[in-house]
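1. Quick one, structure for this:
(one chain, ligands or ions: 1)
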Amino acid sequence: MDLLNLKGKNIVVMGVANQRSIAWGIARSLHDAGANLIFTYAGERLERNVQDLSATLEGKNSLIVPCDVTSDEDIAKCFTKIKEEVGTIHGVAHCIAFANKEDLKGDFVDTSREGFKLSLDISAYSLTAVAKAAKELMTEGGSIVTLTYLGGERVVKNYNLMGVAKAALDASVRYLANDLGQHNIRVNSISAGPIRTLSAKGVGDFNSILKDIEEKAPLRRNVTQEEVGDTATFLFSDMSRGITGENLHVDSGYHILG
Ligand SMILES: CCCCCCc1ccc(Oc2ccc(Oc3cccc(O)n3)cc2)c(O)c1
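-> Below is the predicted model of the structure:
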């Protein structure tokens, strides 16, 4: 049996904004491995982007469902719709995070209570809420993958509040892995190196980080959405069936440096 074959697997990809999204790199890699994709998006203005991108994947058109992860009702409606249309799912790619611009630069000590709650809600709690809803559809077991970043493990200038949110996300991956393992549901994260996406525009001084990676990372280059996508496909496939609660760095090795 080809352990990288995802034929017949239904995988929900949450967080495609445009063709530069890491979520889109994950979707293309999953599609090439034979998976059936379901897309969710937040905000009317993204629906058209997702429809247009999904149409470029040959084969039957994918289900596209709105999902605002700050609303428990919306998450319930989203997964009820997916259950009605698809039935069983085998994976969820959680590619969702947010912090207000003013909380992604300057001094972390100045973070507001409101900004903190908003970022932790969207960037960390949403994984738990999504896992709770997805669990009911994962009747044949499954795999959940989320995106994290080095700034949650150690201080990265300007990453600030998002670093605290990612630290919460990373711990959530471990506790969810522990809860869901007995249902044969694995929970892992990919720590991607910096990639020029719509989200990256929100983080201060992004260009200097890209340059630093090129100069210092063991592979002396930045990573791409495709490389992250292929590692996600590995984590959704049976090739990774013994791995849960893990964080894989797809970052040209940058995280090993002091
Ligand atoms: C200073 C660190 C540079 C490397 C950052 C790599 C990275 C790039 C993008 C990442 O994802 C987000 C997602 C939302 C986010 O919040 C945003 C994004 C755009 C506008 C806005 O108001 N908030 C910030 C980063 C992310 O978690 C990590």
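2. Pull up the residues of the stretch 51-200 of the chain that are close to the ligand.
-> The stretch 51-200 of the chain comes close to the ligand at residues 97-101, 104, 149, 151, 156, 158-159, 162, 194, 199-200, as judged by Cβ under 6 Å from any ligand atom. For glycine as for every other residue, the C-beta is placed from the backbone atoms N, C-alpha and C.
3. now for these, which pair is the farthest apart?
-> 100 and 194 (19.9 Å; Cβ to Cβ).
4. Compare the two (neighbour count), which wins?
-> For residue 100 versus residue 194, neighbours defined as other Cβ atoms under 10 Å are more numerous around residue 194 (21 against 15).
5. could you check the distance from the closest residue to residue 120 other than its chain neighbours over to residue 171?
-> Setting aside the residues directly before and after it, residue 120 is nearest to residue 165 in space (Cβ to Cβ, 6 or more residues apart in numbering), at 5.4 Å. Relative to residue 171, residue 165 is positioned 11 Å away (criterion: Cβ to Cβ, to the nearest Å).
6. Looking at residue 1 now. What's its pLDDT?
-> Reported pLDDT at residue 1 in the predicted model: 69.
7. Confirm for me that residue 190 is in contact with residue 232.
-> Yes. Distance between residue 190 and residue 232: 6.2 Å, which falls inside the contact criterion (Cβ atoms under 8 Å).
8. For those two, list the residues in contact with both.
-> Taking Cβ atoms under 8 Å, 6 or more residues apart in numbering as the contact rule, the neighbours common to residue 190 and residue 232 are residue 145.
9. what secondary structure does the residue nearest to residue 120 sit in?
-> helix (DSSP: H, G, I helix; E, B strand; the rest coil).
10. same thing with residue 102?
-> When the structure is split into helix, strand and coil by three-state DSSP, residue 102 lands in helix.
11. returning to what we had before: of the residues of the stretch 51-200 of the chain next to the ligand, select the buried ones using a ChimeraX command.
-> Buried members of these can be picked out in ChimeraX with the line below, counting by 16 or more other Cβ atoms under 10 Å:
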select :97,98,99,104,149,151,156,158,159,162,194,199
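12. which one of the residues of the stretch 51-200 of the chain next to the ligand is nearest residue 176?
-> residue 97 (16.5 Å).
13. The closest residue to the closest one other than its chain neighbours: neighbour count?
-> Across the structure, with Cβ to Cβ, 6+ apart as the measure, the residue nearest residue 97 apart from its sequence neighbours is residue 123 (4.0 Å). Each residue near residue 123 was counted by other Cβ under 10 Å, and the total is 25.
14. after the helix or strand hosting residue 134, next one along is what?
-> Using DSSP states H and E, residue 134 maps to helix 126-135. Scanning forward in sequence from helix 126-135 by DSSP H and E, the next helix or strand is strand 142-148.
15. what's the offset of that next one from the middle of its chain?
-> Mean C-alpha position of strand 142-148 versus that of the full chain (Cα atoms, centre = their mean, to the nearest Å) differs by 6 Å.
16. Paired strands for that strand, with orientation please.
-> Sheet partners assigned to strand 142-148 using DSSP bridges are listed as strand 91-94 (parallel), strand 185-192 (parallel).
17. Got phi/psi on the residue in the stretch 51-200 of the chain that the ligand sits nearest to?
-> In the stretch 51-200 of the chain, the residue that lies nearest the ligand is residue 199 (3.4 Å; Cβ to the nearest ligand atom). Residue 199 has phi and psi values of phi -60, psi -40 when expressed as degrees, to the nearest 10.
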